[in-house]
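Chemist: attaching a predicted model along with its sequence, questions to come.
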Amino acid sequence: MSERMRVDLNGKVVIVTGAGGVIGRAMAKEFANNGATVIAADIVTKTLEETRDEIRQAGKDCIIKTVDLCKKEEVKQMMDEVAAECGGIDVLCNNAGINGGPEFRQNYWEYNDGLYEKILSLDLEGAVYYSSKYAIPYMLGRGGGSIINTASIVGVVPLRLQCAFAAAKGAVVNMTKAMAVELGKEKIRVNALCPGSVRTAMVDALFYNNPAAGEALLSHVSLHRTGDPAEMASMVNYLASDDAAYITGQIIAVDGGWIAGYNR
Amino acid sequence: MSEKMRVDLNGKVALITGAAGVIGKVLAVEFTKNGAIVCATDKNAAGLEETKKACLAAGRECATIVADLRIKEDIQRIVDETVAKCGGINILVNNAGVTGGPDGRKLLWEYDDDLFKEIIDVDLRAVYYLSKPVTQYMLAHDGGSIINIASVAGIVPSRMQCAYAAAKGGVIHFTKAMGIELGDSGVRANAIAPGTVTIPETEAAFYADKDRAETLIKHIPLHRTGKPEEIADVACFLASDAASYITGQVFTVDGGFASGFDRDF
């Protein structure tokens, strides 16, 4: 079995939001393995401590920051602290986000307004707009940088019963392009990662606990399997590195071929 | 000169938001000319009176509702009053939109947070909040057609309009989700993405700054801005039975701007 890809992120200050979750944790671990100074941020401190434990078990370390991205004062404070502690910011992984659980999957005309607001507030306003707004001043003048927004394949090809997620992630996809055209002059690149189906507790509850439902989903995925969180981590680590220096404004699906076409 | 396209919207009630605006007023007039019963809503009461006059001149006075799409209670009131005044709802044109104007143009990290919120509220959230009760009404009655006016900025964004890019990108995407979920229920949903639209009254101002105008125009294959009627024609088409197999789609009406780079290499 081949070794994992290595990129050189030594000396780079990298923030990963949603780092207490399955995908964010894998991203934070990989950034640490690639030599970065990692700031793991999330709203739940306990999960952040678990992320830090796993990183320490691998012989590295990270800083943890508990923050509610929907509160712009907290976001600004976190970015100010990171800049004071680390000197500046080089890489921003806007990965935090939520979707509705199985009981909230409704047609848009019956959708839960409270959940619509939660998803739009976090997935678009907090995780991408406020986070970027308060981080970018500390990314300027450092010779370049990289912002990676975790969108979703649902932000490229919408699925049923998730209208809030589709709206928010579709907005993030287009905002990624807008950010790229604005930040190019500053040598800060901005791209979006669109994960396909990655195993988490909620995804299992929705699909894979029921083999028939799981197979129905996987029948659309060319590679006929779910993605590994480490496969999401590889992509963002690459995009963060100087090896991706000519890539900006791009929307990259890591989805086993799900949205490439009709697998029939 | 050829006659204008006509579709049959006789007996259909068309609810149009942002109906006091540049495109909104022309939407109201064109829908009226195609036989629809128009209910025009906007938060600008004086502008709505102008729209009412224009519709009367085009053949039928429209109903008007002064309301603010950022206020939850106003959303339900719009639906209730449209049904009360016009007898039902067959067509919804979610046209209301805020751009922030030239003064609002800022880089993301210098952007005005209140303007960001206003644009997301009117241009994205309101489409969800108003489409919900209207869809429920349409599903319970005679079906219908929903047209969301987005923007080419929701497909190919420009600099210094991050909020507009986010909101219009979100609306286009939400429209596709609507189309999928509505399925064969009898309600269709589509979006129009206009490019830059001017009217004779504003053309002079637009072209007064020759350099700025030329910078924009040179990226448009048809080398001109669009007319509101060119947007309204597509909306009337999408509302009609001529578009009965079209749902979940985005129609870009932009003189070719978003289709590629209008330059040689």
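Modeler: Perfect, I can see it now.

Chemist: I'd like to know which residues of the stretch 1-150 of chain B are adjacent to chain A.
Modeler: In this structure, the stretch 1-150 of chain B approaches chain A at residues B:107-109, B:111, B:113, B:116-117, B:120, B:124-125, B:128-129, B:131-133, B:135-136, B:139, judged by CB under 8 Å from any CB of the partner chain. To be clear about C-beta, it is placed using only N, CA and C from the backbone, and glycine gets the same treatment.

Chemist: go with 10 Å
Modeler: When proximity is defined as CB under 10 Å from any CB of the partner chain, the stretch 1-150 of chain B approaches chain A at B:72, B:106-111, B:113, B:116-117, B:120-121, B:124-125, B:127-129, B:131-139.

Chemist: which strand of chain B spans the most residues?
Modeler: If you go by DSSP state E, chain B has its longest strand at strand B:187-194.

Chemist: what are the buried residues along the helix or strand just after that strand?
Modeler: Using DSSP states H and E, the helix or strand that follows strand B:187-194 towards the C-terminus is helix B:200-208. Neighbour counts over helix B:200-208 (16 or more other CB atoms under 10 Å in any protein chain shown) mark no residue as buried.

Chemist: now for helix B:200-208, which elements pack on it?
Modeler: helix B:210-217 (3 or more CB pairs under 10 Å, 6 or more residues apart in numbering or on different chains; DSSP states H and E).

Chemist: ok, now which ones touch the most centrally placed residue in chain A?
Modeler: Nearest to the geometric centre of chain A sits A:Asn95, at 2.4 Å (CA atoms, centre = their mean). A:Asn95 makes contact with A:15-19, A:21, A:23-24, A:27-28, A:41-42, A:127, A:131, A:148-150, A:193, A:195, A:232, A:236 under the criterion CB atoms under 10 Å, 6 or more residues apart in numbering or on different chains.

Chemist: which ones among those lie within helices?
Modeler: With DSSP state H as the criterion, helices contain A:23-24, A:27-28, A:131, A:232, A:236 from among the contacts of A:Asn95.

Chemist: spatially, which two of those residues are the most separated?
Modeler: Spatially, the most separated pair among the ones in helices among the contacts of A:Asn95 is A:Ser131 and A:Met232, at 18.2 Å (CB to CB).

Chemist: follow-up on the earlier one: tell me the spacing between the residue nearest to the centre of chain A and A:Val154.
Modeler: 15 Å (CB to CB, to the nearest Å).

Chemist: and what of A:Phe207?
Modeler: Shown here: A:Phe207 relative to A:Val154, a distance of 14 Å by CB to CB.

Chemist: more neighbours, those two?
Modeler: Between A:Phe207 and A:Val154, counting by other CB atoms under 10 Å in any protein chain shown, A:Val154 is the more crowded of the two (24 against 20).

Chemist: got phi/psi on that one?
Modeler: Dihedral pair for A:Val154: phi -70, psi -20, per degrees, to the nearest 10.

Chemist: same thing with B:Phe251?
Modeler: Phi and psi for B:Phe251, reported as degrees, to the nearest 10, are phi -110, psi 110.

Chemist: burial check on it, number of neighbours?
Modeler: The local packing of B:Phe251 (other CB under 10 Å) involves 19 other residues.

Chemist: show me what the residue nearest to it when sequence neighbours are not counted is bridged to.
Modeler: Spatially, and ignoring its direct neighbours in sequence, B:Phe251 is nearest to B:Ile192 (4.9 Å; CB to CB, 6 or more residues apart in numbering or on different chains). Listed by DSSP bridges, the beta-bridge partners for B:Ile192 are B:Ile149, B:Phe251.

Chemist: can you pull the contacts of B:Ile192?
Modeler: Shown in contact with B:Ile192 (CB under 10 Å, 6+ apart): B:23, B:93, B:95, B:147-152, B:172, B:175, B:231-232, B:234-235, B:237-238, B:249-254.

Chemist: hey, where'd the helices end up in chain A?
Modeler: A:22-33, A:45-57, A:72-86, A:113-119, A:131-139, A:163-183, A:201-203, A:211-218, A:229-240.

Chemist: helix A:22-33 and the second one, what's the angle between them?
Modeler: By that I understand helix A:45-57. Here helix A:45-57 runs at an angle of 40 degrees relative to helix A:22-33 (axes from the mean of the first three to the mean of the last three CA atoms, to 10 degrees).

Chemist: helix A:45-57 packs against which elements?
Modeler: Against helix A:45-57 (3+ CB pairs under 10 Å, 6+ apart) you get helix A:22-33, strand A:37-42, strand A:63-66.

Chemist: my read is that A:Gly155 contacts B:Gly169, right?
Modeler: Yes: contact status for A:Gly155 versus B:Gly169: in contact at 8.7 Å, counting by CB atoms under 10 Å.

Chemist: which neighbours do the two share?
Modeler: With CB under 10 Å, 6+ apart as the test, A:Gly155 and B:Gly169 both reach A:167, A:169-174, A:176.

Chemist: burial measure for A:Arg4, as a count.
Modeler: Neighbour count for A:Arg4, taken as other CB under 10 Å: 12.

Chemist: now do it against A:Ala233, distance only.
Modeler: Counting by CB to CB, the gap from A:Arg4 to A:Ala233 is 9 Å.

Chemist: wait, isn't B:Ser158 in contact with B:Gly195?
Modeler: No: B:Ser158 is beyond contact range of B:Gly195, at 11.1 Å (criterion: CB under 10 Å).

Chemist: looking at the two, which has the bigger crowd around it?
Modeler: Under the neighbour definition other CB under 10 Å, B:Ser158 and B:Gly195 were set side by side, and B:Gly195 has more, 23 against 16.

Chemist: these two touch, right, the more buried one and B:Ser151?
Modeler: Yes: the pair B:Gly195 / B:Ser151 is scored as a contact, 8.1 Å apart, by CB under 10 Å.

Chemist: any shared contact partners between the two?
Modeler: B:252, B:254.

Chemist: follow-up on the earlier one: who wins for most neighbours among the shared contacts of A:Gly155 and B:Gly169?
Modeler: Neighbour tally across the shared contacts of A:Gly155 and B:Gly169 (other CB under 10 Å): the maximum, 34 neighbours, falls on A:Ala167.

Chemist: and that residue, how far from chain B?
Modeler: Distance, A:Ala167 to chain B, by CB to the nearest CB, to the nearest Å: 4 Å.
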